[in-house]
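A.B. asks: Kindly return the folded structure for what I paste below:
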Amino acid sequence: MKKTLFGFLAALLLIPAVWAAEVDDLSTTDANNTNASYGFPEGMAPSAVNDNARAFQGMIARWYQDISGAITAGGSSNAYTLSASRTISAYEDGQVFLFRAGFANSSTASLNVDSVGAKEIKKEHDEGLTSGDIEQNQMVAVVYDSTADVFQVISPLIGSGYTDPLTTRGDLLVRDASSTTRLAVGVTSGAVLKSDGTDPSWGSVAATELATAATGSIVTWDTSNDATLISGAVTSGLVLTTNGTGTSPTFQDLTELSTPQATTSGTSFTFSSIPTGTKEIVVQFAGVSLSGADDILVQIGDSGGVETSGYVATGAQLTAGGNDTTSSTAGFIVRVANASSAFSGTVTLTLLDSGAFTWIASISGKNSTSAVQSGGGNKSLSAELDRVVITRTGTDTFDAGSVNIQSSR
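C.D. replies: From the prediction side, this is the model:
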């Protein structure tokens with residue numbers, strides 16, 4: 001009798017107290033699941049196995065109830081409550097609940113499980129719910145986020161589908177301070193899309209936003225990729241010309257006429273600052289004469305100065321009585337021959353080779369004695385031509401007429 005009673009008492013001591021443990025209490029490390037209340041520790045009494053097995057099954061069943069949608073949430077439309085099958089005394093990160101909504105929501109909403117505390121339900125990680133996101137009887141799955149202390153929705157929401165905010169043909173989607181919104185096209189025809197640096201809008205390009213605009217102005221982009229105006233308020237007949245990469249184009253007259261110079265005295269006349277890119281220069285003479293029998297020379301130069309040698313040039317005077325020719329290496333020569341001659345005509349200079357800076361001269365005109373002047377030649381410079389000089393072959397002085405040049409690009 002004593003032995004039997006002793007054995008019964010020993011068996012009672014070995015039987016663990018079964019309590020409402022939950023799946024959340026289990027360890028992901030197998031060897032750590034040794035709790036005698038719901039596990040299967042080494043040496044446990046055979047009579048305790050069935051109780052622990054039933055406790056383990058109940059644990060799984062309660063967990064399944066909480067994630068299967070079997071429980072309908074109570075509370076109100078924006079303050080849901082849930083009586084879980086599990087015993088929930090505190091929320092744990094990653095804890096999942098799937099419930100049937102007892103109400104539709106009309107704004108932001110919260111969930112309170114087993115009175116642990118109401119936590120806001122968020123969609124898309126950190127967005128509050130909007131009206132109609134949850135419908136009555138909808139299955140809603142949430143997971144607790146301990147970092148943000150909220151429940152994140154992990155199931156599709158009724159209101160989460162894309163709602164097209166565009167209502168009119170031509171509308172645009174833009175982002176305002178907090179959300180994507182509609183930029184209506186309902187503006188005057190011809191308006192342009194502008195930005196104030198923060199938000200886009202439809203409008204016109206005001207003069208103060210670019211420059212004082214005139215009819216015929218052209219919009220271009222500067223080196224900062226900003227729009228700027230090339231004014232159309234310019235002289236008629238100008239040509240829009242590019243000025244190279246990184247420089248805005250400009251309206252220009254590709255033919256430029258310099259200021260005439262009187263040749264009534266002096267020994268030479270210089271035309272400098274000839275535009276870059278010039279490809280033709282017409283030297284114009286009107287009744288130009290010298291004090292003696294010298295001939296007229298046209299010389300060219302570059303940034304290194306005027307060239308006084310290296311010309312291959314010939315000038316001729318043609319008369320009814322015969323021809324009179326002369327050559328020069330000091331410049332393109334216009335044959336004059338005597339003090340009574342006054343030359344009117346042109347010396348046309350054209351660029352033959354921009355790499356070698358080679359220029360060709362063509363001479364045409366007449367003098368006061370009814371003789372015809374003709375001639376030509378060539379000359380290469382060291383750099384781009386930027387000056388023209390009119391002088392003479394000897395020591396005579398100019399005593400009549402005027403001279404000018406016209407340059408073309």
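A.B. asks: any idea how far the spatially closest residue to residue 365 that is not a sequence neighbour is from residue 288?
C.D. replies: Take residue 365 and drop its neighbours on the chain: the residue closest to it by CB to CB, 6 or more residues apart in numbering is residue 345, 1.4 Å away. C-beta here means a position set from N, CA and C on the backbone, and glycine is covered the same way. For residue 345, the distance to residue 288 under the criterion CB to CB, to the nearest Å works out to 9 Å.
A.B. asks: Among the two, which residue is more densely surrounded?
C.D. replies: Counting neighbours by other CB atoms under 10 Å for residue 345 and for residue 288 shows that residue 288 has the greater number, 27 against 19.
A.B. asks: Any chance you could list what contacts the helix or strand encompassing the more buried one?
C.D. replies: Remark: residue 288 resides in strand 280-290, with elements defined by DSSP states H and E. Residues outside strand 280-290 that contact it (CB atoms under 8 Å, 6 or more residues apart in numbering): 263, 274, 296, 298, 334, 336, 339-351, 365, 368, 385, 388, 390, 392, 396-408.
A.B. asks: Which ones among the residues you listed map onto strands?
C.D. replies: By the criterion of DSSP state E, membership of these in strands covers 296, 298, 334, 343-351, 365, 388, 390, 392, 398-408.
A.B. asks: Just the buried ones among the residues you listed, please.
C.D. replies: With burial judged by 16 or more other CB atoms under 10 Å, the buried subset of the ones in strands among the contacts of strand 280-290 is 296, 298, 334, 343, 345-349, 351, 365, 388, 390, 392, 398-405, 407.
A.B. asks: Give me the buried stretch members for the longest helix seen in the chain, please.
C.D. replies: In the chain, with assignment by DSSP state H, the single longest helix is helix 46-67. By neighbour count on 16+ other CB under 10 Å, the buried set for helix 46-67 is 48, 51-52, 55-56, 58-59, 62-63, 66-67.
A.B. asks: what's the following helix or strand after that helix?
C.D. replies: strand 71-72.
A.B. asks: Paired strands for that following strand, with orientation please.
C.D. replies: Sheet partners assigned to strand 71-72 using DSSP bridges are listed as strand 96-100 (parallel).
A.B. asks: avg pLDDT for the strand it pairs with?
C.D. replies: Averaged over strand 96-100, pLDDT sits at 96.
A.B. asks: Restrict that strand to CA atoms and write it as CSV.
C.D. replies: Provided in CSV are the C-alpha atoms of strand 96-100 (Å, rounded to 0.1, in the frame of the first residue of the first chain):
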residue,chain,number,x,y,z
VAL,A,96,0.0,38.2,-37.9
PHE,A,97,-3.8,38.4,-37.7
LEU,A,98,-6.4,37.6,-40.4
PHE,A,99,-9.9,38.7,-39.6
ARG,A,100,-13.3,39.3,-41.2
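A.B. asks: No further questions, thank you.
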